[in-house]
Structures are given as structure tokens and as C-alpha cells.
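K.L.:
Give me the fold of what follows.
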Amino acid sequence: KYDKFNYFNQAFFNDSINIEIKDNLIINQPIIIKTTDIKDSLISNIFIKIGKDSQAEIIFINNNSDNKESLYFSQNIFLSALDNSKLNLINLTNLNSETLSINNKNLESSQNSLIYLYDVFSGSNFTRSHVYSNLNGKDSKVFHKSFTISNNQSQFDLLNSIDHFSENSFSNISTKAVLF
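P.N.:
Numbers count the residues shown, from 1 in each chain. Next up, the predicted model:
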């Protein structure tokens with residue numbers, strides 16, 4: 001699903017990551033990707049493919065809370081989970097109060113795939129998180145837990161869209177936002 005931000009992010013990205021987990025591979029240790037001490041605007045496109053009968057946990061840690069500069073931070077994740085795959089995708093983002101944060105996730109799940117998505121956002125001036133999930137395979141499942149916390153000057157734009165295109169697919173969404 002594309003809108004103005006998606007097209008902008010596709011045109012002007014300055015960082016890209018490609019993660020491919022081969023078929024029949026079980027990774028017992030988490031894959032941890034840290035983005036810390038962000039000094040300039042960062043627009044990342046991240047492509048993840050989990051092969052058939054594979055399992056993994058991927059953790060993104062994004063932090064610029066010590067930097068006081070005004071920044072644009074964007075993380076765009078495109079995930080494909082093939083048959084019988086399992087993925088825990090954890091996104092921990094702590095940004096300063098001057099940062100504009102745009103997060104897009106496009107999830108595609110195949111037969112009997114299982115995706116656990118956890119998002120935690122804190123600190124930014126504006127947080128936009130849009131998650132689009134397509135459950136394409138029979139018995140595919142997506143669980144999304146999202147928690148956003150910031151001060152009373154912050155704004156949130158949170159969207160979760162899950163389309164069930166196959167029989168016996170299942171999804172669960174839990175979103176909490178706290179202003180203090």
C-alpha cells in the first residue's frame with residue numbers, strides 16, 4: 001500500500017538492508033541491528049525474506065535520544081514469510097523530541113507462516129506507524145503488539161490493516177498509546 005510518504009521514502013532512501021533466511025534454517029540467536037547516534041536524517045528500506053520451514057528473530061534498535069537536532073527518521077520494512085516459516089520481528093525505537101518518525105511495514109505471509117510483530121516507539125515529536133499485512137496462505141497467522149509513549153506535545157498516526165486472503169488465517173492486533 002503506497003501513499004505520499006512511501007513514494008518519498010522509495011525515491012530518497014539513503015540506507016538499505018537485505019536479510020534473507022534460507023529454506024530449512026533455524027536461527028537460535030536473535031539478529032540484532034542497531035542504529036544509534038543518528039546525526040542526519042535516515043531513510044531505510046529493509047527487505048526481509050524468511051524461507052520455507054525457517055525460523056528467526058530480528059531485533060531493530062533505533063536510538064537518537066541524546067541528539068537534540070531536528071531529524072527525519074524513516075524505516076520501511078518489506079517482509080515475505082514463506083510456507084511454514086516463523087518470525088519474531090521486534091522494533092524498539094527511542095528518538096528525541098525533535099524527530100519526525102515514519103515507519104511502514106508491508107508483511108506478506110504464506111501457508112502456515114507465523115509472524116509476531118512487536119513495535120515500541122518513544123520520544124519523537126511525530127510518530128507515524130502504518131502496518132499492512134496480507135495473509136495469503138492457508139493457516140497463516142500475524143500477531144501485532146504496538147506500544148507508543150511520549151510527552152503531551154507528540155502526535156501519533158497509527159494504522160494497522162490486515163487482509164485475510166485465504167481460509168483459516170488468523171490475526172490479532174493490540175495497540176496502546178500513552179501521553180504523559
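
K.L.:
wait, what's in contact with the residue nearest the centre of the chain?
P.N.:
Note on the chain: the residue nearest the mean C-alpha position is residue 105, at 4.8 Å, using C-alpha atoms, centre = their mean. Neighbouring residues of residue 105 by C-beta atoms under 8 Å, 6 or more residues apart in numbering: 76, 77, 79, 117, 129, 130, 131, 132. For every residue, glycine as well, the C-beta is placed using N, CA and C.

K.L.:
and stretch 5-15, average pLDDT?
P.N.:
In this model, stretch 5-15 has a mean pLDDT of 79.

K.L.:
cool, and stretch 124-131?
P.N.:
90.

K.L.:
which residues touch that stretch?
P.N.:
If you take C-beta under 8 Å, 6+ apart as the criterion, stretch 124-131 is touched by 1, 5, 73, 93, 95-105, 107, 117, 119, 121, 144, 146, 148, 150, 153-161.

K.L.:
list the buried ones in that stretch?
P.N.:
124, 125, 127, 128, 129, 130, 131 (16 or more other C-beta atoms under 10 Å).

K.L.:
Report the two of those separated the most.
P.N.:
125 and 131 (20.8 Å; C-beta to C-beta).

K.L.:
Quick one: the strands in the protein, in order.
P.N.:
Counting by DSSP state E, the chain has strands at residues 15-21, 31-36, 42-50, 55-63, 71-81, 86-94, 99-109, 114-122, 126-135, 141-150, 155-164, 170-179.

K.L.:
Could you check the angle the first one makes with strand 71-81?
P.N.:
Comparing the axes of strand 15-21 and strand 71-81 via axes from the mean of the first three to the mean of the last three C-alpha atoms, to 10 degrees yields an angle of 20 degrees.

K.L.:
Just name the closest of the buried residues of stretch 124-131 to residue 89, please.
P.N.:
So of those, ranked by how close each gets to residue 89 (C-beta to C-beta), first place is residue 131, at 10.5 Å.

K.L.:
so where is this protein shaky, pLDDT-wise?
P.N.:
1-2 (pLDDT under 70).

K.L.:
So residue 106 sits against residue 81, correct?
P.N.:
No. Residue 106 is not in contact with residue 81 according to C-beta atoms under 8 Å; the separation is 11.8 Å.
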